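A.B. asks: Fold the following for me, if possible:
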Amino acid sequence: MVLKYEDIIPGNPEPGITRRILARGGSLMGVEASFIKGAVGSIHKHPHEQVSYIVSGSFQYEADGVKYILKAGDSYYVEPESLHGATALEDSVILDIFTPQREDFIGEK
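C.D. replies: Residues are numbered from 1 along each chain as shown. Next up is the predicted model:
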């Protein structure tokens, strides 16, 4: 699958967050999430495995009640059903990879 960035229609799952579904296939899905400073990715959990990479900016990331400060170049792994969320400390971008695919994201506005 080849997907041109300019062809991706972004969604806005929470205030201050823009999400773009990148290439996906089989059991994998890539997602780019852009946060404006102060935007909050609410604490949540899901049955998917997730690996995330901070592309730019910085976040206060919370996993199972423990808080971390993460900046560009840092990454983390989320086990299925693990509580996690993030708050942007500045305008920031994160790349999320999920398996299996987040079917709930497809067609999101």
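A.B. asks: what's across from the residue most central in space within the chain in the sheet?
C.D. replies: By Cα atoms, centre = their mean, the mean C-alpha position of the chain lies nearest to residue 96, the distance being 4.5 Å. Legend: beta-bridge partners of residue 96 under DSSP bridges are residue 31, residue 52.
A.B. asks: how near is residue 29 to residue 73?
C.D. replies: Residue 29 is 22 Å from residue 73, where distance means Cβ to Cβ, to the nearest Å. Heads up, the C-betas are built off the backbone N, CA and C, glycines and all.
A.B. asks: and if you look at residue 58?
C.D. replies: 10 Å.
A.B. asks: on that earlier part again, show me the contacts for the residue nearest to the centre of the chain.
C.D. replies: 30, 31, 32, 33, 50, 51, 52 (Cβ atoms under 8 Å, 6 or more residues apart in numbering).
A.B. asks: Looks like the fourth one contacts residue 41 (just checking).
C.D. replies: Read that as residue 33. Yes - Residue 33 is within contact range of residue 41, at 7.2 Å (criterion: Cβ atoms under 8 Å).
A.B. asks: Please identify every residue contacting each of the two.
C.D. replies: By Cβ under 8 Å, 6+ apart, the residues touching both residue 33 and residue 41 are residue 17.
A.B. asks: So which of residue 29 and residue 73 has more stuff around it?
C.D. replies: residue 29 (22 against 9; other Cβ atoms under 10 Å).
A.B. asks: thought the more buried one was touching residue 101?
C.D. replies: Yes - counting by Cβ under 8 Å, residue 29 touches residue 101, with 4.1 Å between them.
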